[in-house]
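1. Using only what follows, build the 3D model:
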Amino acid sequence: MRKGGSPVLKSIAIVTLVVQSIAGVEPAYEQELHYRVVERGRVPQELVRAWDTPAMADRRYVLMQPESGEPVYLRIVEAAPGTRAVAPFRTHGWNVTELLVTDPDALAARFTDSAFRVIGGPKNLGPGENAPRALQALGPADEPFYMTRFLPGGGGLDLGRARTAVDRVFIVVVGGPSLDALRSFYKETLGLPITEFGEWQVSVLAAAHDLPPESRFGLAGAVLPEKFMVELDAYPPTATPRRRTAGALPGGWAMVSFTTGSLDAIDAPWRATPRAIRSTPYDGRRVAVTIGPAGEWLEIIGTDADVPD
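-> Presented below is the predicted three-dimensional model:
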């Protein structure tokens, strides 16, 4: 159980993608998403120890930020030897990163003959001309994205609106074999309110498992206080645990980094003792990693109050 009664997680800080080739991904993010590199290097020993991933030592990475300047980053990391490519929507864990955008239709046109491939939409997600509108796409490493526009008066949760054509991450999607287990973890361990969405048609998930397009899947949301959300999806029995090389991060959407008021408020099994990390964007804050019920890796970053004297 968590310690205390207020939400433990505050915001999404970093979403980490593990790929075979950074060079095969970075240019597409720059050209099509207008993300810019703010840090480039090799995974330092301090992070290797915090993650307890010795196979990630010295692997190359880039940290990218949206054109808007929002401090929500995409981190692309070179896979450890033996890490397999991840088939979209076929394995448990982090499966989708959702971005705020201003015009999904313009993006769909931009993605023609690009490294991004549209696999769904654009379409409205509800009735009315102001309803949220979204597209689904695969990036250059077959990593799934949802890209969503919100308009004033569109209804639903207030999770922000894009200030540039492609803006920050605002939702991450985890898929697992048990929706009950996901709800319990994000509510009881991490202190987040759970929104019940019921059963929905998710065409890209159905297609990945050769199911009829009208198939429905259980969905819920764990809502963070700073206009972010974790979408919790019940995946079909044909989905499998994501394999990983010993001592390495899993492939694909591998890890999501969240901020918290204090690591001491979380009663979770850490992979290693929390430690202060000097590199960007941690800036000396304490960091610890735990693994959720669907095999999803969560990196938890303390606030300034966690910085050692």
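
2. CA only for contacts and neighbour counts going forward, please
-> Will do.

3. Confirm L205 sits in a strand?
-> No: the assignment for L205 (DSSP: H, G, I helix; E, B strand; the rest coil) gives helix, which keeps it out of a strand.

4. Spit out the contact partners of it.
-> F89 (C-alpha atoms under 8 Å, 6 or more residues apart in numbering).

5. gap between E32 and P132?
-> 21 Å (C-alpha to C-alpha, to the nearest Å).

6. same check, this time on A246
-> From A246 to P132 the distance is 41 Å (C-alpha to C-alpha).

7. The two - which one has more neighbours?
-> P132 (20 against 13; other C-alpha atoms under 10 Å).

8. The stretch 51-200 of the chain: helices as residue ranges?
-> Assigned by DSSP state H, counting those that start in this stretch, the stretch 51-200 of the chain shows helices spanning 104-110, 179-184.

9. Of all those helices, which one is nearest A141?
-> helix 104-110 (17.8 Å; C-alpha to C-alpha).

10. From the opening residue of stretch 267-284 to its closing one, how far?
-> One end of stretch 267-284 sits 22 Å from the other (C-alpha to C-alpha).

11. So what's the gap between it and the chain middle?
-> For stretch 267-284, the separation from the chain centroid amounts to 18 Å (computed by C-alpha atoms, centre = their mean, to the nearest Å).

12. what's the answer for stretch 160-176, then?
-> So, by C-alpha atoms, centre = their mean, the centroid of stretch 160-176 is 9 Å from its chain's centroid.

13. Extract the CA atoms of it and return them as CSV.
-> Extracted as CSV, the C-alpha positions of stretch 160-176 are listed here (Å, rounded to 0.1, in the frame of the first residue of the first chain):
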residue,chain,number,x,y,z
GLY,A,160,-4.5,20.2,-22.2
ARG,A,161,-4.3,21.3,-25.8
ALA,A,162,-1.4,21.5,-28.2
ARG,A,163,0.4,24.8,-28.7
THR,A,164,2.4,23.6,-31.7
ALA,A,165,1.6,21.2,-34.5
VAL,A,166,2.9,18.3,-32.5
ASP,A,167,3.2,18.9,-28.8
ARG,A,168,3.9,16.9,-25.6
VAL,A,169,3.0,13.4,-24.5
PHE,A,170,-0.2,13.5,-22.4
ILE,A,171,-1.3,9.9,-22.3
VAL,A,172,0.7,6.6,-22.2
VAL,A,173,-1.1,3.3,-22.7
VAL,A,174,-0.3,0.1,-20.9
GLY,A,175,-1.8,-3.2,-21.9
GLY,A,176,-2.0,-6.2,-19.7
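
14. If you average the pLDDT over that stretch, what comes out?
-> The average pLDDT for stretch 160-176 rounds to 97.

15. ok, back up a step: right, and the helices of the stretch 51-200 of the chain - which one's nearest E199?
-> helix 179-184 (11.2 Å).

16. Against which helices or strands is that closest one packed?
-> Judged by 3 or more C-alpha pairs under 8 Å, 6 or more residues apart in numbering; DSSP states H and E, the packing partners of helix 179-184 are strand 216-224, strand 228-234.

17. Let me have these in TSV, extended by distance to L100, mean neighbour count and mean pLDDT.
-> Shown next, in TSV, are the helices and strands packed on helix 179-184 (distance: least, C-alpha to C-alpha, whole Å; neighbours: other C-alpha atoms under 10 Å; pLDDT from 0 to 100):
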stretch	distance to L100	mean neighbour count	mean pLDDT
strand 216-224	16	21	97
strand 228-234	11	24	98
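
18. Figure out which of these is closest to W253.
-> strand 228-234 (13.7 Å).

19. what sits up against that closest one?
-> Strand 228-234 is touched from outside by 11-12, 159, 170-179, 182-183, 217-224, with contacts defined as C-alpha under 8 Å, 6+ apart.

20. that older thread, make a markdown table out of the helices of the stretch 51-200 of the chain and add distance to F258, mean pLDDT and mean neighbour count.
-> Shown next, in a markdown table, are those (distance: least, C-alpha to C-alpha, whole Å; pLDDT from 0 to 100; neighbours: other C-alpha atoms under 10 Å):
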| stretch | distance to F258 | mean pLDDT | mean neighbour count |
| --- | --- | --- | --- |
| helix 104-110 | 27 | 97 | 16 |
| helix 179-184 | 17 | 98 | 19 |
